[in-house]
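Asks: Sequence and computational prediction follow.
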Amino acid sequence: MKPLDARIEQLEKRLQTLEDQCAIYQILACYGISADGGSSARAADLWTKEGVYDLHDQIMAGQDDIIEELEGAWHQGLILNGCAHVMGMPFIAIDGDGATATSQSRLYRREPDGSYRVLSCSANRWEFIRTTQGWRCSKRTSRKLDGTASARELLAQGVRA
């Protein structure tokens, strides 16, 4: 059996990993809820000040760009009619003060007849850094799951981490 100090140190490391995973899960859960609830500033605050959101063919650089997109006509039209950004369970890899989360996501829109339509399914890779304010996203890359190699590679990257 290991000495008590070594066991405590091992438990502390395991607990820190679990706390880090939980914090990252909270960020991932908060994005859709904030974006769909009209809390653009809260959604953007999940990124670092200079964080990047690479969304399909659009690059948002910094929190102000993310807020501008969320407050723009297209996104506001979605939330005013009813929508849901839904993240699948992510695969998280933590390496010290950096981490990645890889998952699929779906965007649903409420239709005039009350039904919901899937607007997109995407592969996502979130890159995180630990800051003095806690974990923040430094870059999120999303690619449509449309059969292209870029979406498959994004998902494959996550499980190789």
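Replies: Arrived safely.
Asks: Quick one: mean pLDDT for stretch 28-43?
Replies: Summarised as a single mean, pLDDT over stretch 28-43 is 97.
Asks: Just checking the distance from it to the centre of its chain.
Replies: In terms of Cα atoms, centre = their mean, to the nearest Å, the centre of stretch 28-43 is set 11 Å apart from its chain centre.
Asks: got the contact list for it?
Replies: When contacts are defined by Cβ atoms under 8 Å, 6 or more residues apart in numbering, stretch 28-43 is touched by residues 46, 66-67, 70-71, 75, 78-79, 83-87, 90, 101, 103, 105, 126. Using the backbone N, CA and C atoms, a C-beta is placed for each residue, glycine as well.
Asks: what residues are up against residue 152?
Replies: Applying Cβ under 8 Å, 6+ apart, the residues near residue 152 are residue 123.
Asks: What ranges does the protein have for its helices?
Replies: Secondary structure of the chain (DSSP state H): helices at 4-36, 40-44, 63-70, 73-81, 149-160.
Asks: quick one: residue 74 from residue 34, how far?
Replies: Computed as Cβ to Cβ, to the nearest Å, the residue 74 to residue 34 distance reads 17 Å.
Asks: what about these two, which has more around it?
Replies: Set side by side, residue 74 and residue 34 show unequal neighbour counts under other Cβ atoms under 10 Å, the larger going to residue 34 at 19 against 8.
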